[in-house]
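In: here is my input, please return the structure:
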Amino acid sequence: MYPRVSQGRRLLGITLDWLACYAISLGFFAGQGSLTDRVPHARIPVLILLFAEYAILVAFGGASFGHRLVGLRVVRFSDGGSPTPLQALIRTALLMPLITAITFDENGRGINERFSNTVLVKN
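Out: Next comes the predicted model:
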């Protein structure tokens, strides 16, 4: 089996992804004005960007932006190979409702990892 990745490292990776997408959303999609005026306009774009960033980078690179920064990568649970685009899409879709990403089984995999047959490992 694969060694467990700590919840702190997982949380740091997804937080870095979210912050990067939030910064892009504020810069490009939130309009003009003060920060407090722009924040409400960035809510939906940040979710769309996070979904796209996570799905695309995991599908074609094996790790999201945040994963790479904290030394993690996504592999297929069955054989340790690179995840397929469909696996990355399933993993990402189930990651968006956060509860699926913070509930773990005995192997340290969240619901999103079990349904996509993937696992997060140290790089």
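In: can you show me the helices along this structure?
Out: 7-28, 35-38, 43-61, 65-70, 85-95, 111-116 (DSSP state H).
In: and the last one, what does it pack against?
Out: Here helix 111-116 is seen to pack against helix 85-95 when contacts are counted using 3 or more CB pairs under 8 Å, 6 or more residues apart in numbering; DSSP states H and E. For the C-beta atoms, the positions are set from N, CA and C on the backbone; glycine is no exception.
In: against which helices or strands is the helix it packs on packed?
Out: helix 43-61, strand 72-76, helix 111-116, strand 118-122.
In: 7 Å instead?
Out: The elements that helix 85-95 packs onto, with contact taken as 3 or more CB pairs under 7 Å, 6 or more residues apart in numbering; DSSP states H and E, are helix 43-61, helix 111-116.
In: ok, Leu72 to Pro40 distance?
Out: Distance, Leu72 to Pro40, by CB to CB, to the nearest Å: 32 Å.
In: and what of Gly31?
Out: In terms of CB to CB, Gly31 sits 10 Å off from Pro40.
In: now Phe60
Out: 32 Å.
In: do Asn117 as well
Out: Asn117 is 38 Å from Pro40, by CB to CB.
In: neighbour count: those two, which is higher?
Out: Asn117 (17 against 10; other CB atoms under 10 Å).
In: what's the neighbour count on Gly8?
Out: Gly8 has 9 nearby residues by other CB under 10 Å.
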